[in-house]
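Peer 1: have a look at this fold, sequence not included:
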């Protein structure tokens, strides 16, 4: 498999590993929580860089990331039938996120809170996560897609 998008994948994973994101979880975090936060990061990433000239490369990044997720699910030990169902569920979740986050920049805080709450039901302090994703969205806008492709960015 082509590894040219591994920097982006690893950066998204590093953002997702931020322990501060899980401090208000009502229980111990699990793979599903981490995956949900990964998908939210990825949603913001794609939203920020989506335009006519990036269409092909963003599709390749999308394909690469979901292939990596599938490999991670296999490593956990799920069987082939379970993997297909899990991947379908995760892809549907991701597309739901894309739909909800699409007009993020035009939403007021209350609307953003409602949107992000749809995916983070087990977290107590959604305001904290909302602030985090607002900052993440801003951080994305300060760099070009090319900069994410060429280097490793620190979370």
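Peer 2: That came in fine, so what should we check first? What you see is a predicted model; the values in this text were computed from it and never measured.

Peer 1: what about the helices in the chain?
Peer 2: Using DSSP state H, the helices of the chain run over 6-16, 31-49, 55-76, 80-101, 109-117, 126-141, 145-150.

Peer 1: can you put those helices in a markdown table and add mean neighbour count?
Peer 2: Every C-beta, even on glycine, is put in place using the N, C-alpha and C of the backbone. Formatted as a markdown table, those follow (neighbours: other C-beta atoms under 10 Å):
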| stretch | mean neighbour count |
| --- | --- |
| helix 6-16 | 17 |
| helix 31-49 | 20 |
| helix 55-76 | 15 |
| helix 80-101 | 15 |
| helix 109-117 | 14 |
| helix 126-141 | 15 |
| helix 145-150 | 14 |
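
Peer 1: would you turn those into CSV with mean pLDDT?
Peer 2: Output for these, formatted as CSV (pLDDT from 0 to 100):
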stretch, mean pLDDT
helix 6-16, 93
helix 31-49, 95
helix 55-76, 92
helix 80-101, 91
helix 109-117, 96
helix 126-141, 96
helix 145-150, 86
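
Peer 1: between those, which one is closest to residue 24.
Peer 2: helix 126-141 (6.0 Å; C-beta to C-beta).

Peer 1: now for that closest one, which elements pack on it?
Peer 2: The contact analysis (3 or more C-beta pairs under 8 Å, 6 or more residues apart in numbering; DSSP states H and E) places helix 126-141 against helix 31-49, helix 109-117.

Peer 1: among the ones you listed, which is nearest residue 77?
Peer 2: helix 31-49 (11.2 Å).
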